[in-house]
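Visitor: predicted model, plus sequence, below.
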Amino acid sequence: MSDTTLTKPAPVAEPPSRWRRTLTEITGGSVMISILAVVLAMIAGGILIALTDENVQAAAGYFFARPADTLAEIWKAVSGAYVALFQGSVFNPNRPEFAAQIKPFTETLAFATPLIAAGLGVGLAFRVGMFNIGGRGQMLIAAACAGWVGFTLDLPWGLHMVLAVLAGLIGGGIWGGLAGLLKARTGAHEVIVTIMLNYVAFYLVSYLLRTPLLQAPGSNNPKSPPIMDTAVFPDLLGPQFNLNFGFILVIAATVFVWWLLSRSSLGFKFRAVGLNPNAARVAGIDVKNMYVYAMLISGALVGLAGVSQVLGPLSSGFSSGLDAGIGFDAITVALLGRSKPWGIFVAGILFGAFKAGGFAMQASQGIPIDIVLVVQSLIVLFIAAPPLIRTVFRLPDPSKPTKPKARKTPAAPTQKAVIAK
Amino acid sequence: MKLELRGITKRFGALTANDHIDLTVEPGEIHCLLGENGAGKSTLMNVLYGLYQADEGEIVLDDVVQHFAGPGDAMNAGIGMVHQHFMLIPVFTVAENVMLGHEQTKFGGRLDLNAARAKVREISDRFGFDVDPDALVDDLPVGVQQRVEIIKALSRDAKVLVFDEPTAVLTPQETDELMAIMRLLKERGTSIVFITHKLREVREVADRITVIRLGKVVGEASPTATNAELASLMVGRAVELTVQKAPAQPGKPALQVSNLSVIDPRGQVVVNDVSFEVRAGEILAIAGVQGNGQTELTEALMGLQSRVSGTVSLDGRSLVGMSVRKVLDAGVGFVPEDRKEDGLVGEFTIAENLMLDRSEGKPFVKGGNLQLSFLNGFAEDRSKEFDVRSQGIQTAVGRLSGGNQQKVVLARELSRELRLFVAAQPTRGIDVGSIEFVHKRIVATRDEGIPVVVVSTELDEVVALADRIAVMYRGSIVGIVPGTTSRDVLGLMMAGEVPAGIDVEGTAA
């Protein structure tokens, strides 16, 4: 008779809608929240840099004697790190000529290319109310398909590349669509299916890389032969820059997703299903088919990320580690970009800058690149916790003025009240 | 224990769910709280149980004013609740569920399951429940699960037991058993608050009846009151709605439904062998207390139910087994019962909602592209025609009032070429002005020669609109009577009885 609310187990009612509500909340926030999350994460990263810096630690040893020393060291460590980050990702004035000065920015764009593509895929799935955690698997399958076309077929320049890209898109689309199909036909949750398909894809590609199908002839390493020059993405700005044609494709993909979501009939149905599947069903929209189509397109977009890897930086031959965490970073990118095409584009470039600048930061200041990972992770954390951001920056709560609904069933208020405690 | 609620008021924003409700439950009586869905019964009980804090008023137990900060306080004070949706953990045994939240432990923090088992056995024997303390809750039938809930409440020495719509999930036999249990509990001195909207159950067990409507107590009745009296109290007569309409000019039969049955996902027959027809240019109202199969009937017409037998034909074309898309394309307009859940996408704009069920082809889509300029023009015109009050067609529908939301649904459905119009609870929860507008449009639709089916639990609405009235009770049509039938007769029919000397078409199943 002692304890209170725990006597009532949380009602198991309607898990999908609760899941969906969280999803809408995470993806539906404002641009402001995104920007503030980045700022807050950078501040937290700065604290970490200061705490781990050896000079700061040494100066802190005599903090009470000369506090100014400590503060100066903190300033030196943090500003040094972020200046290095900026110089490694955007513009480095210390270099002799303009082409070299601006090179970091092209690096950023090159790193951003697969992130944007995969982010668009994940974001599209978000808009239809689904979590696509299968970026890794979709990238691997797409890369294997594109790679195979790239190093086996003998075709003229241009056509070869187009075919390789198409093969990759189809491969990624099928791998994503599989999860959509299973969800639509059997009700299997896409989160679990896509995660499991990651493993299937990883071991499948690892295996194929040890068979003549993908393995470079005469090699003992699980690595593919180099892609033929006719299929490799051409450089955009000449050989001294890493930026290639993949970036153009990614811009096209962003425009395509924008068109799909805000101008096409299919996208209209996608959004309706994502926001209220019940109303969509009553309005004659085939909700299950929408899940399949959305995962097909989502998988193809993520597949483009894999394609841009094998036909770009990894064109000398790829291994099963080609996704390099991009499939998961894409989730962060999609969240930061609020699942909107241009938002994802900007978020992808920001993350590309973190990647490009992270290396510079490590090289010039000796700051472990893990700090960048911490900052990235904190961004997700802050985005997933808009109330926290609102509290820190004293923003108004958008949900306050709307009145709570009086529910017919007692279950809903019960749930709410128990949670509120 | 004597329970008194004095002047309980609970508001949610602009909505007053409970408006100065007074309720007294004497020791050892079964007090029925009768009212339609949304009348405020559940809110009141959640206030009593500490889940909501009342804005005004007080809860008094044996002349002591109580302040409940949460369900724990309410339980400690001796109030137990049996929820409509059971609060049990399916993978736990009965004993584990009963002890959950006030576990007794032995040395070293080990759970004292034996004590819990003994307690379950003791209570179970006392009331003849026949519940095995070691059975997994998941394996038990629904009726027995409910008994576990009752045991849970009694094991915490509840003196006042609240049953929230306890029979909604039970079969008729289980319902009868529950009634017997309630009588037994009463004999042993437990006070019972029994929330329901089913008249038969009320008359069977209640000592006193309080009827709530739109958040207010509208009257008390004794169990000897007739069904008709109870029904009219419940659905109310306060607002006398009149709709100007000319006599119907019915044409030839358009919608023919015969032997339609629907089985719900739980395997219950919710629509049982229903037959009726609607002629072009007439309104058939389907009346009945909420939950007697009307919802499922309209869903079956729309292709939203999966287990349907019987035939439905519109102008000679069969509709059974068609997808929702095909049914809509066949010219059926549909206003769903729950507009927020099924009729609109709250985050979409007015314009987007106006094309929600027309996202397939012309005029809104050409070559896969949305025709936004056409849509905006269309939305402006319709907003004007249907008097949707908003800050513009780009306003999110979720920000509109209920009446304006319903106008958006109507505007969408009535601007298609219709061969049948089905409106379920078209005026639920909307203001009087909008009600009048909605009624006018429905009559205008009829006068264009379109067959109209209106489902309503509001007797006023039924009487105001109907050319003919079909009354549903427990999944069957009790009878189809002319629109001029008196309210008393309708009230009786809503309770499942056909008064002698009344001519009905159609068959009672």
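Guide: Thanks, I have it.

Visitor: what's the spacing between B:Val327 and chain A?
Guide: 8 Å (Cβ to the nearest Cβ, to the nearest Å). C-betas here are computed from N, CA, C, even on glycine.

Visitor: tally of neighbours for residue 246?
Guide: All of this is about chain A. A:Gly246 is flanked by 26 other residues according to other Cβ atoms under 10 Å in any protein chain shown.

Visitor: actually it's chain B I care about, not the one you picked
Guide: 8.

Visitor: and what of B:Val162?
Guide: The burial count for B:Val162: 28, using other Cβ under 10 Å.

Visitor: per-residue confidence at it?
Guide: For B:Val162, the model assigns a pLDDT of 91.

Visitor: quickly list what it is bridged to.
Guide: B:Met81, B:Val193 (DSSP bridges).

Visitor: hmm, it is touching B:Val47, no?
Guide: No. Under the criterion of Cβ atoms under 8 Å, B:Val162 is not in contact with B:Val47, lying 11.2 Å apart.

Visitor: do a quick rundown of the helices in the stretch 51-200 of chain A.
Guide: In the stretch 51-200 of chain A, the helices defined using DSSP state H, counting those that start in this stretch lie at A:54-60, A:67-89, A:98-127, A:135-152, A:159-186, A:190-208.

Visitor: chain B: which of these is closest?
Guide: Distance to chain B, taken as Cβ to the nearest Cβ, is lowest for helix A:98-127 among those, at 11.3 Å.

Visitor: list the buried ones in the closest one?
Guide: A:101-127 (16 or more other Cβ atoms under 10 Å in any protein chain shown).

Visitor: restrict the residues you listed to contacts with chain B.
Guide: The subset of the buried residues of helix A:98-127 within reach of chain B, counting by Cβ under 8 Å from any Cβ of the partner chain, is empty.

Visitor: by mean pLDDT, flag the weakest helix or strand of the chain.
Guide: Defaulting to chain A. Every helix and strand of chain A was ranked by mean pLDDT, DSSP states H and E. The lowest is helix A:411-420, at a mean of 37.

Visitor: switch to chain B, that's the one I care about
Guide: Least confident element among the helices and strands of chain B, by mean pLDDT, DSSP H and E: helix B:227-235 (a mean of 72).

Visitor: measure the residue nearest the centre of chain A to A:Phe351 for me?
Guide: In chain A, the C-alpha nearest the mean C-alpha coordinate belongs to A:Ala330, at 1.2 Å (Cα atoms, centre = their mean). From A:Ala330 across to A:Phe351, the span is 9 Å (Cβ to Cβ, to the nearest Å).

Visitor: which residues do the two both contact?
Guide: Shared contacts of A:Ala330 and A:Phe351 (Cβ atoms under 8 Å, 6 or more residues apart in numbering or on different chains): A:Leu115.

Visitor: tell me who's in contact with A:Ala164.
Guide: With Cβ under 8 Å, 6+ apart, A:Ala164 has these contacts: A:Ala146, A:Gly147, A:Val149, A:Gly150, A:Ile227, A:Ala231, A:Val307, A:Leu311.

Visitor: got a list of what the third one touches?
Guide: It refers to A:Val149. A:His160, A:Leu163, A:Ala164, A:Ala167, A:Ala231.

Visitor: pLDDT weak spots in chain B?
Guide: Counting by pLDDT under 70, the ranges of chain B that qualify are B:14, B:37-38, B:168-169, B:171-172, B:228, B:235-242, B:432, B:503, B:505-509.

Visitor: near chain A, which residues of the stretch 351-500 of chain B show up?
Guide: By the rule Cβ under 8 Å from any Cβ, the part of the stretch 351-500 of chain B lying against chain A is B:352, B:355-357, B:359-360, B:364-365, B:368-370, B:372, B:399.

Visitor: out of those residues, which two sit at the greatest distance?
Guide: With Cβ to Cβ as the measure, no two of those lie farther apart than B:Gly368 and B:Arg399, at 29.9 Å.

Visitor: look at those two and report which has more neighbours.
Guide: B:Arg399 (16 against 12).

Visitor: residue contacts, A:Gly134?
Guide: Contact analysis of A:Gly134 by Cβ under 8 Å, 6+ apart lists A:Trp175, A:Gly176, A:Ala179, A:Val193, A:Thr194, A:Ile195, A:Leu197, A:Asn198, A:Gly299, A:Val302, A:Gly327.

Visitor: make it 10 Å
Guide: A:121-122, A:125, A:140-141, A:172, A:175-176, A:178-179, A:190-191, A:193-198, A:200-201, A:295, A:298-299, A:302, A:327 (Cβ atoms under 10 Å, 6 or more residues apart in numbering or on different chains).

Visitor: isn't A:Leu204 right next to A:Leu140, touching?
Guide: Yes. Assessed by Cβ atoms under 10 Å, A:Leu204 is found in contact with A:Leu140 at 7.9 Å.

Visitor: overlap in contacts, those two.
Guide: A:Leu197, A:Ser320.

Visitor: neighbour count winner among the two?
Guide: A:Leu140 (33 against 16).

Visitor: does the more buried one really touch A:Leu322, like I thought?
Guide: Yes. With contact defined as Cβ under 10 Å, A:Leu140 counts as touching A:Leu322 (6.9 Å).

Visitor: find the residues that touch each one of those two.
Guide: Common neighbours of A:Leu140 and A:Leu322 (Cβ under 10 Å, 6+ apart) are A:Val205, A:Gly306, A:Gln309.

Visitor: tell me the buried residues within the residues you listed.
Guide: If you count burial by 16+ other Cβ under 10 Å, the buried members of those come out as A:Val205, A:Gly306, A:Gln309.

Visitor: quick one: the strands in the stretch 51-200 of chain B?
Guide: B:56-61, B:64-66, B:79-82, B:160-164, B:191-196 (DSSP state E, counting those that start in this stretch).

Visitor: reformat these as TSV; add distance to B:Lys10.
Guide: As requested, those are exported to TSV (distance: least, Cβ to Cβ, whole Å):
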stretch	distance to B:Lys10
strand B:56-61	8
strand B:64-66	16
strand B:79-82	17
strand B:160-164	16
strand B:191-196	16
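
Visitor: show me what from the stretch 201-350 of chain A comes close to chain B.
Guide: A:259-260, A:262-269, A:271-287 (Cβ under 10 Å from any Cβ of the partner chain).

Visitor: mind giving me the ChimeraX select for those residues, buried ones only?
Guide: Buried residues within these, by 16+ other Cβ under 10 Å, are selected in ChimeraX with:
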select /A:260,264,265,266,267,268,269,271,272,273,274,275,276,277,278,279,280,281,282,283,284,285,286,287
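
Visitor: return the subset of the residues of the stretch 201-350 of chain A next to chain B lying in helices.
Guide: Among these, the members falling in helices (DSSP state H) are A:259-260, A:262-263, A:265-269, A:271-275, A:277-282, A:287.

Visitor: ok, then the element right after the least confident helix or strand of chain B?
Guide: strand B:253-263 (DSSP states H and E).

Visitor: point out where chain A drops to low pLDDT.
Guide: In chain A (pLDDT under 70), the answer is A:1-29, A:386-387, A:389-390, A:394-421.

Visitor: how is it carved up into domains?
Guide: Under automatic domain parsing, the residue ranges defining each domain of chain A are A:24-89+A:347-400, A:113-336.

Visitor: which one of those domains lies closest to B:Leu420?
Guide: domain A:113-336 (14.8 Å).

Visitor: all set, thanks.
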